[in-house]
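Colleague: sequence plus predicted model, see below.
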Amino acid sequence: MRISCLCYIKCMKNRIRLIIGAVVLAAAAFIFLHKDPTVEVPDFRGQTVSDVEKWFISKSIPASAITYTYGYDDEIEAEHIISQSLEAGSRMSREDKLTIEISKGKAVTEMVSVPDFKGMTKEEITAWADLSGIQITFREEESIDIPEGIFVRASEETGKEMKKGSLLEIVISSRQPQRPTPIPDDGAIPVPTPIPTPHAEG
């Protein structure tokens, strides 16, 4: 009789263990199935690329979900984050994509020296502007001393340093105006000398 009671108690304990195990597994499955599949995106601005990659690894997000771009920034030092495509505080799933812009540091401003355009044509000045990255605007002006189509003057003097992309105005000589007839010192208006009419021989 005692042996039967012991077997019964043992069987009951095993059943209780099985029931508890089943309940635990069911709870774990419920939590897993109802777990929020998204993660909150932090503010990466000012952080390093290494900080971003550590976060991705900790959240089990694949490396393919992140894209890096590069740009200049006067305030954010090189190799630090300028901006991100997903706002801080938003939710990101493992299927979403995140683009991170990384700073290349301050932009290096290229300078261009204004050359001596004397004697150059409009076409030659245009060719120089295309190569140097300077924007050119032209206007024409009559000139007595400079042939038509030739440089007259510029809005910046020769040797001036200009930033690439700056605007430079160039004046080009148009048709030359007629020179006025000189007036004698005594103020008299010169009278054209009459041309004699040939007489017919009789």
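Modeller: Here it is on my side, so go on. Numbering: from 1, shown residues only.
Colleague: give me the beta-bridge partners of Met92?
Modeller: Note on Met92: beta-bridge partners by DSSP bridges are Val39.
Colleague: also Ser173?
Modeller: Beta-bridge partners, per DSSP bridges, of Ser173: Glu141.
Colleague: tell me the contacts of it?
Modeller: By CB atoms under 8 Å, 6 or more residues apart in numbering, the residues touching Ser173 are 140-143, 146-152. Backbone N, C-alpha and C define where each C-beta goes, glycine included.
Colleague: per-residue pLDDT of it, please?
Modeller: Note for Ser173: predicted pLDDT of 95.
Colleague: next one: Lys59
Modeller: 88.
Colleague: residue contacts, it?
Modeller: Val39.
Colleague: number of nearby residues for the closest residue to Ser174 other than its chain neighbours?
Modeller: Take Ser174 and drop its neighbours on the chain: the residue closest to it by CB to CB, 6 or more residues apart in numbering is Glu140, 3.9 Å away. Glu140 has 14 neighbours, counted by other CB atoms under 10 Å.
Colleague: try the one 5 residues further on
Modeller: Residues lying near Asp145 (other CB under 10 Å) number 7.
Colleague: let me see the backbone angles for Asp51.
Modeller: Main-chain torsions, Asp51, degrees, to the nearest 10: phi -60, psi -40.
Colleague: can you tell me the closest non-neighbouring residue to it?
Modeller: Asp51's closest residue in space is Phe44 (CB to CB, 6+ apart), at 7.0 Å.
Colleague: need the pLDDT of the one you found.
Modeller: 94.
Colleague: report the contact partners of it.
Modeller: So Phe44 contacts 51-52, 55, 81, 84, 88, 100 (CB under 8 Å, 6+ apart).
Colleague: show me which positions of stretch 42-56 end up buried.
Modeller: 44, 47, 52, 55 (16 or more other CB atoms under 10 Å).
Colleague: out of those, what pair is the most spread apart?
Modeller: Spanning the widest gap among the buried residues of stretch 42-56 are Gln47 and Trp55, at 8.9 Å by CB to CB.
Colleague: which element is Lys54 on?
Modeller: helix 49-58 (DSSP states H and E).
Colleague: same check on Glu169?
Modeller: strand 167-173.
Colleague: please identify the buried residues of that strand?
Modeller: Quick answer for strand 167-173 (16+ other CB under 10 Å): 168, 170-173.
Colleague: domain ranges for the protein, per the record?
Modeller: 38-108, 111-173 (automatic domain parsing).
Colleague: lowest-confidence stretch among the ones you listed?
Modeller: With a mean of 90, domain 38-108 has the lowest mean pLDDT of these.
Colleague: that one spans what distance, first to last residue?
Modeller: 41 Å (CA to CA, to the nearest Å).
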